[in-house]
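*Asks:* what follows is a predicted protein model with its sequence.
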Amino acid sequence: GSGISELDLPRVLEPFFTTKPVGEGTGLGLSVSHEIVKAHGGDLVEDSKAGEGSCFTVRLPRSVS
């Protein structure tokens with residue numbers, strides 16, 4: 001994509017938040033992904049600059065056996 005504006009960035013992990021027109025997205029993708037990662041003790045970290053692109057990093061704890 002083209003990146004996320006600074007105004008929208010704080011909300012991108014909220015369920016049903018989307019900047020797309022009606023019928024073109026539910027706003028659940030990042031929210032569901034974030035909840036799955038959290039359920040495994042991890043975190044989803046976003047880095048985005050409008051006009052440049054976005055990077056989402058999944059960080060999970062190491063399993064100690």
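*Replies:* Looks like it arrived, so ask away. Numbering: from 1, shown residues only.
*Asks:* now residue 33. Its backbone dihedrals?
*Replies:* Here is the backbone geometry of residue 33 (degrees, to the nearest 10): phi -60, psi -40.
*Asks:* in the protein, where is pLDDT below threshold?
*Replies:* The chain contains residues with pLDDT under 70 at 65.
*Asks:* check whether residue 47 sits in a helix, strand or coil.
*Replies:* Secondary structure state of residue 47, per DSSP: H, G, I helix; E, B strand; the rest coil, is strand.
*Asks:* what comes into contact with the one helix or strand residue 37 maps to?
*Replies:* If you go by DSSP states H and E, residue 37 is part of helix 29-39. Contacts to helix 29-39, defined as Cβ atoms under 8 Å, 6 or more residues apart in numbering, come from residues 12, 13, 14, 15, 16, 17, 43, 44, 56, 58, 59, 60. All C-beta spots, glycine's among them, are computed from the backbone N, C-alpha and C.
*Asks:* kindly recompute the last result at 7 Å.
*Replies:* 12, 13, 14, 15, 43, 44, 58, 60 (Cβ atoms under 7 Å, 6 or more residues apart in numbering).
*Asks:* adding neighbour count, write those out as a markdown table.
*Replies:* Listed next are the contacts of helix 29-39 as a markdown table, based on neighbours: other Cβ atoms under 10 Å:
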| residue | neighbour count |
| --- | --- |
| 12 | 20 |
| 13 | 17 |
| 14 | 12 |
| 15 | 12 |
| 43 | 13 |
| 44 | 18 |
| 58 | 13 |
| 60 | 10 |
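*Asks:* what ranges does the protein have for its strands?
*Replies:* Per DSSP state E, the chain carries strands over the ranges 43-49, 53-59.
*Asks:* turn those strands into CSV, columns for distance to residue 6.
*Replies:* Shown next, in CSV, are those (distance: least, Cβ to Cβ, whole Å):
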stretch, distance to residue 6
strand 43-49, 9
strand 53-59, 12
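*Asks:* check those for me and report the most buried one.
*Replies:* Here the criterion is mean neighbour count by mean count of other Cβ atoms under 10 Å, and of these the winner is strand 43-49, at a mean of 15.
*Asks:* quick one on the thing from earlier: pull out the buried positions in the helix holding residue 37.
*Replies:* 30, 31, 34, 37 (16 or more other Cβ atoms under 10 Å).
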